[in-house]
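# Make a model of this:
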Amino acid sequence: MRAAPERVTLDAVGSLDAVRQVTLAPEVAGRIVALQFDAGAAVRKGQLIVQLFDEPERAKLASIQAKAAYAKRQLDRSQALAQTGAEPRNLFDQHRFDFDAAAADIRETQAVITQKAVRAPFDGVLGLRRVNLGQYLNAGDAIATLTDLDTLYANFTVPQKSLSQLRLGQSVSITTDAYPERTLVARVSAIEPQISADTRNVAVQATLSNPDHLLRPGMYIQARLELPPRERALTVPDTAVQTSQRGESVLVVGKPGRDGLGVVRLQPVRTGRRADGRIAIADGLRPGDVVVTSGQVRLAAGDRVKVALDDGAGSGAAQ
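Numbering: from 1, shown residues only. As a prediction, this is how the structure comes out:
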């Protein structure tokens, strides 16, 4: 047997969620005059999705801009006259107020025009279309969902006893029923600061890169969390451990005598986790003990055997 860091994992189930997902909707009411998207299409940030009727606002904007231009000319003229004393100061102040008010009206009308153009707030993929050309929309009516599929959250829970072993940046292996042959790697990005009073579990969130867009929000996942390894865990090949009504045990070969033969004894053990064809021994063995890894059915306690080491690391098969 050998002493080595024990690889420790924790399995959990959970689901995928979008890092960025919104339901596109207008901020103001209006009639749809242009649909600039197809369901399921990829769009870029700022791309026009739906245009609402805005001719009244554009006409109002043109009128206000003309008034603002006139107010600016009056202000410039009044400023020149006021500096020479040819015009009262209060008249100059009135012209400045008129210009500032016109400029504010321009900004307000431009804001309404902007609100009547529904644009993508980020790069993503559109969902099913919920509106039609010519339809009247109220503020907040759903147009379609927009989801960023490049990066997803893997959300799952683990028992509270594992809380002390959780760290930001830990590796999480993700598999899904949809693509069972693929294993993706996520990283722990957030740990819920409180424990669920109902389940005594802690919620964990990992961030997963999804460049080919195969995975989708809502998918069921299996997550395997890599916990910090246990230092100097004693491990033996899993074939060395025998199980009976008395519990688990291994055959240990004592130190060889002058004839090169060692005496076999049955040693009860308490085992830990299994990984990569080996099993951790929590109690019952010491580093350097030679255990029988095969042929146990031909041996009994008290037999004298010659040992052939099979890996040069302290585990051996009796002959």
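# For this structure, give me the ranges with low pLDDT.
1-7, 229-232, 309-319 (pLDDT under 70).
# Would you map the helices across it?
55-84, 89-115 (DSSP state H).
# buried set for the last one?
Neighbour counts over helix 89-115 (16 or more other C-beta atoms under 10 Å) mark 92, 95, 98-99, 102, 105-106, 109, 112, 115 as buried. Where C-beta positions appear, they are placed from N, C-alpha and C, glycine not excepted.
# Which single one of the residues you listed is nearest to residue 194?
Nearest to residue 194 among those: residue 115, at 39.3 Å, using C-beta to C-beta.
# what separates the closest one from residue 51, distance-wise?
11 Å (C-beta to C-beta, to the nearest Å).
# How about residue 96?
In terms of C-beta to C-beta, residue 96 sits 37 Å off from residue 51.
# try residue 188
43 Å.
# before we move on, what about residue 44?
Taking C-beta to C-beta, one finds residue 44 at 17 Å from residue 51.
# Specify which residue of those two has the higher count of neighbours.
residue 51 (17 against 10; other C-beta atoms under 10 Å).
# how about that one, what does it touch?
Neighbouring residues of residue 51 by C-beta atoms under 8 Å, 6 or more residues apart in numbering: 32-34, 36, 116-118.
# The closest residue to residue 71 other than its chain neighbours: what's it in contact with?
Closest residue to residue 71 apart from its sequence neighbours, by C-beta to C-beta, 6 or more residues apart in numbering: residue 99 at 4.0 Å. By C-beta under 8 Å, 6+ apart, residue 99 lies in contact with 68, 71-72, 74-75.
# What of residue 131?
32, 35, 50, 137, 141-144.
# count of residues packed around residue 149?
Residue 149: 21 neighbours (other C-beta under 10 Å).
# got it, and residue 81?
14.
# Equivalent analysis for residue 129, please.
Count around residue 129 with other C-beta under 10 Å applied: 16.
# so how far is residue 100 from it?
From residue 129 to residue 100 the distance is 43 Å (C-beta to C-beta).
# Please apply the same query to residue 137.
34 Å.
# List only buried entries from the contacts of residue 99.
68, 71, 74-75.
# Could I get those in a markdown table, plus columns for distance to residue 256?
Listed next are the buried ones among the contacts of residue 99 as a markdown table, based on distance: C-beta to C-beta, whole Å:
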| residue | distance to residue 256 |
| --- | --- |
| 68 | 103 |
| 71 | 107 |
| 74 | 112 |
| 75 | 108 |
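# Return the member of those nearest to residue 24.
Nearest member of the buried ones among the contacts of residue 99 to residue 24, counting by C-beta to C-beta, is residue 68, at 33.0 Å.
# could you check the distance from that closest one over to residue 54?
Residue 68 is 19 Å from residue 54, by C-beta to C-beta.
# In terms of distance to residue 197, which of the buried ones among the contacts of residue 99 ranks first?
Closest to residue 197, out of all of the buried ones among the contacts of residue 99 and judged by C-beta to C-beta, is residue 68, at 61.1 Å.
# Would you enumerate the residues in contact with that closest one?
Residue 68 neighbours (C-beta under 8 Å, 6+ apart): 99, 102-103, 105-106.
# just residue 28 next, same as before
Remark: with contacts taken as C-beta under 8 Å, 6+ apart, residue 28 is in contact with 52, 112, 115-116, 139.
# Residue 285 and residue 291, how far apart?
7 Å.
# what's the answer for residue 241, then?
Distance of residue 241 to residue 291, computed by C-beta to C-beta: 9 Å.
# phi, psi of the residue of the chain most remote from its centre?
In terms of distance from the mean C-alpha position of the chain, residue 86 ranks first, at 70.4 Å (C-alpha atoms, centre = their mean). When read as degrees, to the nearest 10, the backbone of residue 86 gives phi -80, psi -10.
# now do residue 41
Per degrees, to the nearest 10, the backbone of residue 41 is at phi -80, psi 150.
# Thank you, goodbye.
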